[in-house]
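A.B. asks: pasting a predicted model and its sequence here:
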Amino acid sequence: MSNENLQSVLGESRVFPPSAEFVAKARVNAEKLAEMKAAAAADYVGFWADLARKELSWATPFQTALDDSKAPNYQWFPDGTLNASYNCLDRHIATRGDKIAIRYEGEKGDVKTWTFRQLLADVSKLANGLKSLGIGKGDRVVIYLPHSPEAVIAMQACARIGATHSVVFGGFSAGSLKDRIDDTGARIIITADGGNRGGHIVDLKKACDEALTLGCKSIEKVVVGIRTGHSINMTPGRDILWSDLIAGVSDTCEPEFVGAEHPLFLLYTSGSTGKPKGIQHSTGGYLLGAMVSAQWIFDLREDDLFWCTADVGWVTGHSYVCYGPLAGGTTVMIYEGVPTVPDAGRFWKICQDHGVTIFYTAPTAIRALMKSGETFPNSYDLSKLRLLGSVGEPINPEAWMWFHRVIGKEKLPIVDTWWQTETGSTMMSPIPGAMPTKPGSCTQPLPGIFADVVDEAGVPVEGKTAGGYLVITKPWPSMLRTIWGDNERYIKTYFGQFPPTTGPDGREQWLYVAGDSTHRDEDGYYWILGRVDDVLNVSGHRLGTMEVESALVSHPRVAEAAVVGRPHEIKGEAICAFVICKGTRPEGKEAEALIKELRDHVGREIGAIAKPDDIRLADGLPKTRSGKIMRRLLRSIAKGEEITQDISTLENPAIVAQLAAKA
Ligand code: WT7
């Protein structure tokens, strides 16, 4: 895949400068950007410290900007105290109390708005309710809600009382929910009866009940919001309605000021092993990164309506729905459902009806909408849009051009933002009024962020077509702090590939390894090629091949499984599983039934997003004599390529013909 990608990006030479009109009003123009980059190059710690003092409201100002004495466990602004919810809400009340903070549309078309004042009141009520359950600083709260303002309210309420939240995407199954709850040791879960998605009800409460029968011994109370109104089970003594919890409580709640390093949230993401990692983010550094990156990249202005379509269950929904824009006093749009209900015009209708000015979505959505034709977007008034964005996976130049032409009417800048759950906020992206864009490139690191391309030995790679590992060479405020409960894994996964070196200042320098391969062109623009580890990117969602394999192997009929990705027109990557059965391998109708059963099983174990697209039953897997599965070979087979690789070192070369014949 990366070779094809490399070919396609190397062939891309189109350059799109921003319009004079955009540049004239831009928050950051080329001059300003050069100034910022020069300041950061001269003193990156001072650069971030200045921003932190200017952009965030501190209860106790910090004296230390960066403490790297325990590198790579970096601490930013460690002796300062602040509250994230205060920064997103309270501090706007004097100047923007009656400004809309959230515009919401449900999948069924219901619309609701919250001003900053109303949002603060609702957040404070829930915060008081949680306090009445004995929840506060040092506790974890799991949030399992539909994509909704209530999810934002729940996150902000936790932040307000110093509780660490962990949002679990509503599409995850009971099993995944249980694993995450057990890992966090949460005392409370905030959920809802259900949500509307794709014309169906997602039965969150049912999944939650099931998770609690599987484990979750730490859970004391389940707070249940009502969204869909369908009938649910309430366990007396354990389950409490959100509305009952806040009945009669005050709508003011003093924010709990916490140290800047206090964990604001944990968010689970996939890695190369079967066990998802609880990525731990800080309060001060995280909020700074989310806020300033949103302002630079999205050129946010007082009258903007910013719509990031990502679910709050993913990091994009944390940084660019819940925290970044609100910290800057920006109005955000939230839409509950899928882009295709009632038809593929839904996103464009929402843009028109609400007057969305900035639209930020994922390449997989762009490709799907592109497939449904131009009539949909052309039927709506998209004239309020002034900026477009993309995130989650490499955007292929074709999709970029469609976005540019059909949605952007060849006028709007597109920001392709590269970042990760671990980085907390965007690391590389165009600054739209300051530089030209190229379709398929996330362009350059933001001011204060330092990236490089290195080879296997960690040595920087030079030259026009040189590719290699993407690394971040200096710590940044919104970086992850650790993996919850496993600091060793944190160091090994992100900083273990290359040994630290000693910098000119005598301090240790560690390279953060992102896990992506990249290429940098003659303008210093980065082109992300894909993952280098066993991680799949399916519709912009990260899934470990091991995770899917473990789910398959947990089925009684499965002896062994190997999972690889293959390119997919809309999803980016599709999941292909090679499965060895226990006992005789079924054929015909029986095989079909088992394959369906296995897909559903993975759906139950992880969630619908992890259901393999293809499952092939076989008698064996291609292994080397030392017993290693030859994944490269499986990837070729999954793509239906002719096998030209040397298979003579395989233990069982005959198996290749069997696997390939099934294509
Ligand atoms: C991985 C991180 C960060 C928000 C959503 C995904 C890929 C993300 C881009 C982009 C090329 C991208 C990378 C990265 N990725 N954005 N603009 N261009 N690739 O967060 O689940 O933590 O996944 O997504 O491979 O490592 P995530």
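C.D. replies: In hand now; what should we look at?
A.B. asks: mind giving me the packing neighbours of the helix or strand where residue 38 lies?
C.D. replies: In this structure, residue 38 is located in helix 30-42 according to DSSP states H and E. In this structure, helix 30-42 makes packing contacts with helix 44-55, judged by 3 or more C-beta pairs under 8 Å, 6 or more residues apart in numbering; DSSP states H and E. C-beta here means a position set from N, CA and C on the backbone, and glycine is covered the same way.
A.B. asks: what about the helix it packs on, average pLDDT?
C.D. replies: Averaging pLDDT along helix 44-55 gives 98.
A.B. asks: go through it and flag the buried ones.
C.D. replies: Neighbour counts using 16 or more other C-beta atoms under 10 Å place 44, 45, 47, 48, 49, 51, 52 of helix 44-55 among the buried residues.
A.B. asks: those into TSV, with extra columns for distance to residue 413?
C.D. replies: What follows is those, written out as TSV (distance: C-beta to C-beta, whole Å):
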residue	distance to residue 413
44	26
45	31
47	24
48	26
49	30
51	23
52	28
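A.B. asks: tell me which of those residues is nearest to residue 506?
C.D. replies: Closest approach to residue 506 among the buried residues of helix 44-55 (C-beta to C-beta): residue 45, at 15.1 Å.
A.B. asks: quick one, what contacts the nearest residue to residue 532 once chain neighbours are set aside?
C.D. replies: Excluding the flanking residues, the one nearest residue 532 by C-beta to C-beta, 6 or more residues apart in numbering is residue 517, at 5.0 Å. Residue 517 makes contact with 2, 467, 468, 469, 470, 528, 529, 530, 531, 532, according to C-beta atoms under 8 Å, 6 or more residues apart in numbering.
A.B. asks: phi, psi of the third one?
C.D. replies: Backbone torsions of residue 468, given as degrees, to the nearest 10, read phi 170, psi -160.
A.B. asks: with the second one instead?
C.D. replies: Listed backbone geometry of residue 467 is phi -120, psi 170, with angles given as degrees, to the nearest 10.
A.B. asks: okay, now it: neighbour count?
C.D. replies: Residue 467: 21 surrounding residues under other C-beta atoms under 10 Å.
A.B. asks: what does the last one give?
C.D. replies: Burial of residue 532, expressed as a neighbour count using other C-beta under 10 Å, amounts to 18.
A.B. asks: ok, now the fifth one?
C.D. replies: Counted with other C-beta under 10 Å, the burial measure for residue 470 works out to 25 neighbours.
A.B. asks: so it sits against residue 451, correct?
C.D. replies: Yes. Between residue 470 and residue 451 there is a contact at 6.5 Å, judged by C-beta atoms under 8 Å.
A.B. asks: spit out the residues that contact these two alike.
C.D. replies: With C-beta under 8 Å, 6+ apart as the test, residue 470 and residue 451 both reach residue 526.
A.B. asks: residue numbers of the stretch 301-450 of the chain in contact with the ligand?
C.D. replies: Selection of the stretch 301-450 of the chain residues close to the ligand by C-beta under 6 Å from any ligand atom yields 315-316, 391-394, 416-421, 442.
A.B. asks: now, which of those sits nearest residue 278?
C.D. replies: Looking across these and measuring by C-beta to C-beta, the closest to residue 278 is residue 421, at 10.4 Å.
A.B. asks: was I right to think that closest one contacts residue 542?
C.D. replies: Yes. Counting by C-beta under 8 Å, residue 421 touches residue 542, with 7.5 Å between them.
A.B. asks: which residues are common contacts for these two?
C.D. replies: residue 269.
A.B. asks: any idea which element the residue of the stretch 301-450 of the chain found nearest the ligand lies in?
C.D. replies: Across the stretch 301-450 of the chain, no residue is closer to the ligand than residue 421, which sits at 3.4 Å (C-beta to the nearest ligand atom). Here residue 421 sits in a region with no helix or strand, counting by DSSP H and E.
A.B. asks: can you give me the pLDDT of it?
C.D. replies: The model reports residue 421 with a pLDDT of 98.
A.B. asks: any idea which element the residue nearest to residue 532 lies in?
C.D. replies: Using DSSP H and E, the element containing residue 517 is strand 512-520.
A.B. asks: so what strands line up beside that strand?
C.D. replies: Sheet pairing of strand 512-520 (DSSP bridges) gives strand 467-472 (antiparallel), strand 526-531 (antiparallel).
A.B. asks: out of these, nearest to the ligand?
C.D. replies: strand 526-531 (3.6 Å).
A.B. asks: which other helices and strands contact the helix or strand just after the closest one?
C.D. replies: For strand 526-531, the succeeding helix or strand toward the C-terminus, using DSSP H and E, is strand 535-538. Contacts defined by 3+ C-beta pairs under 8 Å, 6+ apart place strand 535-538 against strand 541-544, helix 545-553, strand 558-568, strand 572-581.
A.B. asks: contacts for the longest one?
C.D. replies: Put plainly, it is strand 558-568. So strand 558-568 is contacted by 1, 4, 536-538, 545-546, 548-549, 552-553, 573-582, 598, 612-614, 621, 629, 631, 634-635, 638-639 (C-beta under 8 Å, 6+ apart).
A.B. asks: tell me the contacts of the residue of the stretch 101-250 of the chain found nearest the ligand?
C.D. replies: Going by C-beta to the nearest ligand atom, the ligand is nearest to residue 169 of the stretch 101-250 of the chain, at 10.6 Å. Residue 169 makes contacts with 311, 313, 314, 607, as judged by C-beta under 8 Å, 6+ apart.
A.B. asks: what secondary structure does it sit in?
C.D. replies: coil (DSSP: H, G, I helix; E, B strand; the rest coil).
A.B. asks: phi, psi for it please.
C.D. replies: Torsion angles, degrees, to the nearest 10, at residue 169: phi -50, psi 130.
A.B. asks: picking up where we left off before, in PyMOL, how would I select the buried members of the contacts of strand 558-568?
C.D. replies: Listed next is the PyMOL selection for buried residues among these, using 16+ other C-beta under 10 Å:
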select buried, resi 1+536+537+538+545+546+548+549+552+573+574+575+576+577+578+579+580+581+598+612+613+614+621+629+631+634+635+638
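A.B. asks: also near the ligand: which of the contacts of strand 558-568, exactly?
C.D. replies: residue 537.
A.B. asks: where does pLDDT dip in the chain?
C.D. replies: 1-10, 464-465, 662-663 (pLDDT under 70).
A.B. asks: from the centroid of it, which residue is nearest?
C.D. replies: For the chain, residue 315 is the residue whose C-alpha lies nearest the centre (C-alpha atoms, centre = their mean; 3.6 Å).
A.B. asks: count of neighbours near residue 130?
C.D. replies: For residue 130, the neighbour count with other C-beta under 10 Å is 28.
A.B. asks: and residue 14, by the same measure?
C.D. replies: A total of 13 residues lie near residue 14 under the criterion other C-beta under 10 Å.
A.B. asks: same question for the one 4 residues further on.
C.D. replies: A total of 24 residues lie near residue 18 under the criterion other C-beta under 10 Å.
A.B. asks: can you tell me which residues contact it?
C.D. replies: 26, 413, 432, 433, 434, 435, 436, 437.
A.B. asks: and if you look at residue 474?
C.D. replies: 44, 449, 450, 509.
A.B. asks: looking at neighbours, which among those residues is most surrounded?
C.D. replies: Within the contacts of residue 474, most neighbours by other C-beta under 10 Å means residue 449, with 24 neighbours.
A.B. asks: that one touches residue 472, doesn't it?
C.D. replies: Yes. Between residue 449 and residue 472 there is a contact under C-beta under 8 Å: 6.9 Å.
A.B. asks: overlap in contacts of those two?
C.D. replies: Shared contacts of residue 449 and residue 472 (C-beta under 8 Å, 6+ apart): residue 427.
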